[in-house]
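Trainee: just a sequence and a predicted model for now, questions to come.
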Amino acid sequence: MDDELIFGTRRPVPLVTIISRVAARMHQAIIELVFLLEVG
């Protein structure tokens with residue numbers, strides 16, 4: 001979403017922030033996948 005906004009800043013983005021964002025997206029994707037499997 002706002003990756004360009006973050007990576008476009010002058011200060012380098014902490015690796016922890018990137019990892020946490022990726023982990024959050026993966027977590028949401030897994031939840032949606034499980035939800036689809038349970039509903040289906």
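Mentor: Cool, got the structure. Not measured: the values here are computed from a predicted model.
Trainee: from the chain's centre, how far out does the helix or strand where residue 25 lies sit?
Mentor: Here residue 25 sits within helix 15-39, counting by DSSP states H and E. Relative to its chain's centre, helix 15-39 lies at 7 Å (Cα atoms, centre = their mean, to the nearest Å).
Trainee: and it, what's buried?
Mentor: When burial is assessed from 16 or more other Cβ atoms under 10 Å, helix 15-39 yields no buried residues. In short, each C-beta sits where N, CA and C put it, glycine included.
Trainee: show me what it packs onto, helices and strands only.
Mentor: On a contact count with 3 or more Cβ pairs under 8 Å, 6 or more residues apart in numbering; DSSP states H and E, helix 15-39 meets no helix or strand.
Trainee: how close does residue 19 get to residue 13?
Mentor: 10 Å (Cβ to Cβ, to the nearest Å).
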